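Student: Prediction below, plus the sequence it came from.
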2 protein chains.
Amino acid sequence: MRALANDTLLRALARQPTEHTPIWLMRQAGRYLPEYHAVRERAGSFVALAKTPALAAEATLQPLERFPLDAAIVFSDILTLPDAMGLGLGISEGEGPRLERPLRDEAAVRRLAAPDPARELSYVLEAVREARRALAGKVPLIGFAGSPYTLACYMVEGSGSDDWPTLKAMLYGRPELLHRILEVNARAVADLLNAQIEAGAQAVMIFDTWGGTLSAAGYEEFSLAYSRKVLAALSKESEGRRVPSILFTRGGGNWLEPIAASGCDAVGLDSATDLDAARRRIGHKVALQGNLDPAVLLAPPQRVREEARRVLDAFGNSPGHVFNLGHGVSPRASIEAVAALVDEVRAYSRKLRERAA
Amino acid sequence: MRALANDTLLRALARQPTEHTPIWLMRQAGRYLPEYHAVRERAGSFVALAKTPALAAEATLQPLERFPLDAAIVFSDILTLPDAMGLGLGISEGEGPRLERPLRDEAAVRRLAAPDPARELSYVLEAVREARRALAGKVPLIGFAGSPYTLACYMVEGSGSDDWPTLKAMLYGRPELLHRILEVNARAVADLLNAQIEAGAQAVMIFDTWGGTLSAAGYEEFSLAYSRKVLAALSKESEGRRVPSILFTRGGGNWLEPIAASGCDAVGLDSATDLDAARRRIGHKVALQGNLDPAVLLAPPQRVREEARRVLDAFGNSPGHVFNLGHGVSPRASIEAVAALVDEVRAYSRKLRERAA
C-alpha cells in the first residue's frame, strides 16, 4: 500500500472523521478550462483525447494544478464501453455523444458481448496507470463507468434524448431484449471497473445519468437491479485498502432508500435532493456525495461561497459527506467561481468542525 | 349550476367515491391526432390556432370525439401569458416555443406588468366559453396556466433549455430581479386563472414544468412560494360548485409534502414518483393525479393495458385518484394505444371497486 498524502476522500467515503469535507467535481477536467481545450486540440478530437492515455492522464491532472481538490477522476467517457462493444463512438462538436451503430434489431442484441477491458479498453487502463503515476500519491484517483441502464439508453437510442422514444419502445414493447442488453452491460461494467481498480483506481463511481427518466417500477427493474449486480461483482479491496463505490443517479430522489441499500458505499445526489432530508431518510449506512447546483458556478464568487456554505450546513457536522455538484461542471462555469468553491468548502468545513469541537 | 352529465373528475378531485377512476391526458389535444394537424393547418400556425377561439375550442373537443375521456382541457399554451406581457410568442416547427423579447436587463424587468386577461388574453377566455358551449355539460373543462417560475424560465431564457444558464445566472447573481418577475407572474397567473374560471373553467391546473430543475432550497424560494400565492388568490367556487386546483410539478418527487400543503386540491405527479409511496407520504389531504409513463403509449395495446392496471393497483382502491400521464402525450403516441388506455382505466377501475364492494 502506497501512502496517500491526502486520503480525505477515502476516509469520508468510509464515514470516518476528516479535518475538512473533501471536494471534487463531476467533469472537473473539462471545457471550462482553457488548458483542456489546448490538450483536446493537440489530440485532434474528444474521442482521440479519450483514446490517448498520455493526453487523457494530462487532462485528468489539469484541475489539480489549479485547485486543491481532494480527488482526481480519470479522464474518459462512459461511451468508450459501447464503443469497445463495436457500436462506434463519435462525438461531434456541440452535438454531444453519438453511437454510429445503435442496437436496432434482435440479431444485434443477440450478438452483443462484454468486451475484455485488457484487450479492448487498454487505453482506459493505461490512462489510469499514467494518471496514478503522475499523481504520485497526492490524492486518490477515481475510476468510473456508466450504469448498465444509462449505457443501454445510448446503445439503443444512438444519442442523447429528452424522452428516449426508441429505448422506451423497446422497454415496453420488447422488454426481454432490453434485459439481455442490461445483462451484458452489467458484466461489462463490472469487468471494466475491476480492471480500473487493478490498474490503480482507488474508488469507483457508477453514473446513472438517465435512471431518473424511468417510472418507479421501471427504475427498480431496468436500472437498480443491474447496478446492484455490478456493485456485487466489484473488487472490494486493492493495495490493502477498501475501494469504495459511489452510485450517482440523476433524478433519483424518489428512490434514495433502495439506492442506499444497493451495496454502494456512497450515494451521489443531484441538486434537487435536500442533503438533510436525504440523511434523515437513509441514516448513516452510506456516505453522501453532492450536491451544489452546477449553475451556482455561473454566479459571482461571493454568491458561490454563500451557496457552498448552505450545502455544508444542510449536511451538518457529521462524517460521511463528499462535496460535489449535483451534475457536471458547465462549460460556462468561471474558473474564479470554481476556485472560490474549493476554497470555501475547505475553509468553512474546517470552521464547522472547530465550532463543534 | 348547470348539471354535468359526467362529474367524475370533480368528485375524484374532492376525494369523493366515483364509479370509475376518471382519466384525462396532458396534451390530449395534440400532434398524435391527425385532426389536430388539420385544424392547425387551417389556422396557419400553432400560435394562430391558440389565438383563434373557434379553432382552439375545436381542438379542445377533438380528443373527446374519439375517446370517452372524463375532462377536456382548453387548448392553449402557457406562453400566451408572457406574450400578453409584450415578450412576443413564436413557435417554430420542431424547435419548440420561443419568446422574441426575453427579459435581459433590469429596465425590462422593472417595466414588466401583469396583463388584464379580459383585454389582452380575451382569445383564451373566448376559447374557454366556446369550448364550454360545445361540451354542453358532457364533462368538465379544465383551465390552466404555467407556474410563475416555469413562465419566468422562458421569460428570461427566451426558449427551452436543458440547464437554463441565463435564468440561473440571474437566480444566483441577481435574485431580486427574479423575485420581481415572479411577483408579477404570480399576480398574472392568478388573474388569468380566475378569468378562465369566470369564463367557465370548472377546474384549474398549474403546470410547474421546470420547478424540478431547482435545488431543494431554490424550489421553495423561487417556485413553490409563488405557486402558493397563486393558489391563495384563486376563486374557490363558481356556478355553485367548488373549482378544484391541481399543481403539477415535473421532477417534484422530493417535495411532495410541501406541495400537498400548498393549498392545491390535487398534486400532479410525474412518472418517477410511485403513487403508493406518494399516498403514504402525504396521506389523504389532497387528491393525486398521474402518472403513467407517456412512453407506454409507444407500446402495443396489450402492454398499455398492463401498465395502466399497474398504475391503478399502485394507487389502490380509495377515492382521490385522477388518472393521467406523468407528462404530455408524445406526438409519436398511437391512437390505438390511447384508446386502449382510456378503455382499460375505465374498465379495470370499475372492476377494482366491484371487488372491494
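Tutor: Arrived safely, thanks for sending. Numbering: from 1, shown residues only, chains lettered A, B, ... in the order given.
Student: Now residue A:51. Nearest residue, chain neighbours left out?
Tutor: Beyond its immediate neighbours in the sequence, the residue positioned closest to residue A:51 (Cβ to Cβ, 6 or more residues apart in numbering or on different chains) is residue A:123, lying 4.9 Å away. Where you see a C-beta, it was placed from the backbone N, CA and C, and this is true even at glycine.
Student: Show me which residues of chain A sit near chain B.
Tutor: By the criterion of Cβ under 8 Å from any Cβ of the partner chain, the positions of chain A lying close to chain B are A:163-165, A:168-169, A:171-173, A:212-219, A:251, A:253-254, A:271-274, A:277, A:291-296, A:298-300, A:303, A:307, A:310, A:314, A:326, A:330, A:332.
Student: Just the ones of those in helices?
Tutor: A:165, A:168-169, A:171-173, A:216-218, A:277, A:303, A:307, A:310, A:314 (DSSP state H).
Student: Show the buried residues in those residues.
Tutor: By neighbour count, with 16 or more other Cβ atoms under 10 Å in any protein chain shown, these hold A:165, A:168, A:169, A:171, A:172, A:216, A:218, A:277, A:303, A:307, A:314 as buried.
Student: Hmm, residue B:298 and the third one touching each other?
Tutor: When you say that, I think you mean residue A:169. Yes. Proximity of residue A:169 to residue B:298 meets the contact threshold set by Cβ atoms under 8 Å, at 4.4 Å.
Student: Now do the contacts for residue A:115.
Tutor: If a contact means Cβ atoms under 8 Å, 6 or more residues apart in numbering or on different chains, then residue A:115 has A:81, A:84, A:85, A:121, A:188, A:191 as its contacts.
Student: May I have the beta-bridge partners of the residue of the stretch 1-150 of chain A found nearest chain B?
Tutor: With Cβ to the nearest Cβ as the measure, the residue in the stretch 1-150 of chain A that lies nearest chain B is residue A:96; the distance is 10.1 Å. Listed beta-bridge partners, residue A:96: residue A:92 (assigned using DSSP bridges).
Student: Can you show me the strands along chain A?
Tutor: Counting by DSSP state E, chain A forms strands over residues A:72-73, A:89-92, A:96-99, A:141-146, A:203-208, A:237-238, A:241-242, A:245-249, A:266-268, A:287-292, A:321-325, given from the N-terminal end onward.
Student: closest one to residue A:152 among those?
Tutor: Using Cβ to Cβ as the measure, strand A:141-146 is the one of the strands of chain A that comes nearest residue A:152, at 9.0 Å.
Student: what separates that closest one from the chain centre, distance-wise?
Tutor: Going by Cα atoms, centre = their mean, to the nearest Å, the spacing between the C-alpha centre of strand A:141-146 and its chain's C-alpha centre is 6 Å.
Student: Tell me which strands it pairs with, and in which orientation.
Tutor: Those paired with strand A:141-146 in the sheet (DSSP bridges) are strand A:72-73 (parallel), strand A:203-208 (parallel).
Student: Turn the ones you listed into TSV, including mean neighbour count.
Tutor: Putting the strands paired with strand A:141-146 into TSV (neighbours: other Cβ atoms under 10 Å in any protein chain shown) gives the following:
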stretch	mean neighbour count
strand A:72-73	24
strand A:203-208	25
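Student: okay if I get these as CSV plus mean pLDDT?
Tutor: Formatted as CSV, those follow (pLDDT from 0 to 100):
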stretch, mean pLDDT
strand A:72-73, 98
strand A:203-208, 98
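Student: distance of the residue lying closest to residue A:144 once chain neighbours are set aside from chain B?
Tutor: In this structure, residue A:144 finds its nearest non-sequential neighbour in residue A:205, 4.4 Å apart by Cβ to Cβ, 6+ apart. Distance from residue A:205 to chain B, counting by Cβ to the nearest Cβ, to the nearest Å: 21 Å.
Student: For stretch A:61-81, list every residue counted as buried.
Tutor: A:61-64, A:67, A:69-81.
Student: Please save the CA atoms from it in PDB.
Tutor: Taking only C-alpha atoms (Å, rounded to 0.1, in the frame of the first residue of the first chain), the coordinates of stretch A:61-81 have been written out as PDB:
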ATOM      1  CA  LEU A  61      -4.400  16.200 -13.700                       C
ATOM      2  CA  GLN A  62      -5.200  19.600 -15.100                       C
ATOM      3  CA  PRO A  63      -7.800  20.700 -12.500                       C
ATOM      4  CA  LEU A  64      -5.500  19.500  -9.700                       C
ATOM      5  CA  GLU A  65      -2.900  22.000 -10.900                       C
ATOM      6  CA  ARG A  66      -5.300  24.900 -10.400                       C
ATOM      7  CA  PHE A  67      -7.400  23.900  -7.300                       C
ATOM      8  CA  PRO A  68      -6.600  21.900  -4.100                       C
ATOM      9  CA  LEU A  69      -9.200  19.200  -5.000                       C
ATOM     10  CA  ASP A  70      -9.300  16.100  -2.900                       C
ATOM     11  CA  ALA A  71      -9.500  13.600  -5.800                       C
ATOM     12  CA  ALA A  72      -8.800  13.100  -9.400                       C
ATOM     13  CA  ILE A  73     -11.200  11.300 -11.800                       C
ATOM     14  CA  VAL A  74      -9.700   9.600 -14.800                       C
ATOM     15  CA  PHE A  75     -10.500  11.500 -18.000                       C
ATOM     16  CA  SER A  76     -12.600   9.200 -20.100                       C
ATOM     17  CA  ASP A  77     -16.200   8.800 -21.400                       C
ATOM     18  CA  ILE A  78     -18.900   6.300 -20.400                       C
ATOM     19  CA  LEU A  79     -19.400   5.500 -24.100                       C
ATOM     20  CA  THR A  80     -15.900   4.000 -24.500                       C
ATOM     21  CA  LEU A  81     -17.600   0.800 -23.300                       C
END
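Student: give the contact list for residue A:277.
Tutor: Counting by Cβ under 8 Å, 6+ apart, the residues that residue A:277 touches are B:216, B:254.
Student: What does the pLDDT read for it?
Tutor: At residue A:277 the predicted local confidence, pLDDT, stands at 93.
Student: for residue A:91, same thing?
Tutor: In this prediction residue A:91 is given a pLDDT of 73.
Student: That one - how many residues pack around it?
Tutor: 17 (other Cβ atoms under 10 Å in any protein chain shown).
Student: and what of residue A:108?
Tutor: That count, for residue A:108 with other Cβ under 10 Å as the rule, works out to 17.
Student: what's the answer for residue A:119, then?
Tutor: The number of residues packed around residue A:119, counting by other Cβ under 10 Å, is 8.
Student: do the same with residue A:42
Tutor: 12.
Student: ok, the residue nearest to it when sequence neighbours are not counted to residue A:32 distance?
Tutor: Counting by Cβ to Cβ, 6+ apart, the nearest residue to residue A:42 once its immediate chain neighbours are dropped is residue A:55, at 6.6 Å. Residue A:55 is 18 Å from residue A:32, where distance means Cβ to Cβ, to the nearest Å.
Student: Over to residue A:15?
Tutor: Residue A:15 sits 31 Å away from residue A:32, going by Cβ to Cβ.
Student: of the two, who's got more company?
Tutor: With other Cβ under 10 Å as the criterion, residue A:15 and residue A:32 differ in neighbour count, and residue A:32 comes out ahead with 22 against 19.
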